[in-house]
Each structure stands twice: as structure tokens, then as C-alpha cells.
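S.K.: Sequence first, then the predicted structure:
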Amino acid sequence: MEYLKLNKSRHAVKHFDGSRIATVDVKQIISTAVLAPSAHNLQPWFFAIVDSNEKRQLLIDEVEQGNASQLEQAGAIIVVFSDTAISERSREIAQKMGSEMSPEMLQRYNKIYPERFSQYSPSYTSDYLALNAGIITMNLVLAINDMGYKSNIILGFHKTDHVNEALGVPLRYRPEIIITLGRSEEKGEPHLNLPADMMFKIV
Ligand SMILES: Cc1cc2nc3c(=O)[nH]c(=O)nc-3n(C[C@H](O)[C@H](O)[C@H](O)COP(=O)(O)O)c2cc1C
């Protein structure tokens, strides 16, 4: 689908018909979305595709009450996590992908980046991860739309270790966003766009 058309046709949809989306489609959506750019190409993401009813219920217990019905009705649920262990991730990338790297690149992932990341303050690391999570989230909802499904982005949940425990995801991954997707009669509405003078300045 052409980009502008894709963007204009994506709206938050908060009611789904309850029919399940095949995991193969969800995996396809994620494979497309991870073409997204990321800082240091670290791709610091981890996705939980919530398949079982039991895990879905445990996750529902972690969302704000107003969001629960979206999770109940969704055809599929993706929880986006960030990898908080960025130095380790960098070295792991070197280990896994080293054979495809130049010696300079290998040195960056093995040594230069981990040293740099170890200097980041907790709040800088947190911002770094949140920004990357936002980028992958946007790519996910566009990929979902392109596959013909509707979606919503949910920040209204308790972003604690309980989510990891409920889904069996290691604690090095931080929960960021829940994405609900599904089939729906609703198309969603174009949102109110703020005026340009609130958004930018030509300097
Ligand atoms: C970061 C973020 C957090 C959001 N959190 C929630 C949420 O917790 N519950 C909800 O119903 N919608 C949530 N939304 C959906 C917004 O309400 C919706 O995207 C917004 O009203 C704009 O509408 P649009 O998506 O149709 O453009 C969230 C959207 C974003 C981008």
C-alpha cells in the first residue's frame, strides 16, 4: 500500500470481533516492522505474542480497567519489550553476527559500544529505550494496517515486573507497550490534527 494512503487509513480501533488472528500473520507483521531503524542498529526489542487464553487473562489483570475489553476482544496481542541490557546485547550481536561484520564493525559491537553504554545514566538509557520502542511500535501498527487488520496502542497498563512474570519473559526486558490487533467493523476516525503553528517553527 502506498505510504500516505497507509498512514491515512490507520486509526485507533478499540473494539474487535473476537476472532483470532493466526500466529503466522503476527510473525509476518513483526518481521516487516523490524525493518525499522534503531540507535546503533541495536534493535533493542523483544516481542511477546500472547497466544494462550491463560496468559491473555494474566495480562488483562495488568492493564488499566478501561483497556481490559480491548485485550479481551483482540484477535492477537503483541507486548513490546525493550532490552535493558544494552552492553550485553551489543556483545551478543557481535557474537551472533560477527561473521558478517568488518573488523571495525566487530570492534564497535564488542568494545566501543559496550563501553559507551556503560557511561549512560539510567535516565538516558531509559529514554534511549523508550525512543526505540516508539519507533518499532509505529512500524508495527503500520504493518498491521497493511495486512488488513485494525489495531490500537496501549500504554495504560502497569509497567512492572508482573508483566514479565505473567508472560514468562526474562526481567532484562522492560515492558513498553501493548498492541492489540484484530478484525473489526469499525474503521476508526481521523484524529483531530493540531495546527501547524503548535507543531513547528522555521528557523
Ligand atoms: C503512546 C500511546 C499510548 C496510548 N495509550 C492508549 C491507552 O492506554 N488506551 C487506549 O485506549 N488508547 C491508547 N492510545 C491510542 C490513542 O488514544 C490514539 O492513538 C489517539 O487518540 C490518536 O488516534 P489515532 O490512533 O486514530 O490516530 C495510545 C496511543 C499512543 C500513541
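M.R.: Good, I have the coordinates.
S.K.: residues in contact with the closest residue to the ligand within the chain?
M.R.: For the chain, the residue closest to the ligand is Gly156, as judged by Cβ to the nearest ligand atom, at 2.9 Å. Bear in mind the C-beta positions are built from the backbone N, C-alpha and C, glycine included. By Cβ atoms under 8 Å, 6 or more residues apart in numbering, Gly156 lies in contact with Val63, Glu64, Gly66, Asn67.
S.K.: mind listing the helices in the chain by residue range?
M.R.: When assigned using DSSP state H, the helices of the chain occupy the ranges 3-9, 23-33, 53-60, 68-73, 86-97, 103-107, 113-119, 122-146, 161-167.
S.K.: how about CSV for the ones you listed, with distance to Phe200, mean pLDDT and mean neighbour count added?
M.R.: As requested, the helices of the chain are exported to CSV (distance: least, Cβ to Cβ, whole Å; pLDDT from 0 to 100; neighbours: other Cβ atoms under 10 Å):
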stretch, distance to Phe200, mean pLDDT, mean neighbour count
helix 3-9, 18, 93, 11
helix 23-33, 27, 98, 16
helix 53-60, 38, 98, 16
helix 68-73, 32, 98, 18
helix 86-97, 31, 98, 16
helix 103-107, 36, 98, 12
helix 113-119, 31, 98, 14
helix 122-146, 19, 98, 18
helix 161-167, 36, 98, 17
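S.K.: of those, which approaches Leu192 most closely?
M.R.: For Leu192, the closest of the helices of the chain is helix 3-9, at 14.5 Å, according to Cβ to Cβ.
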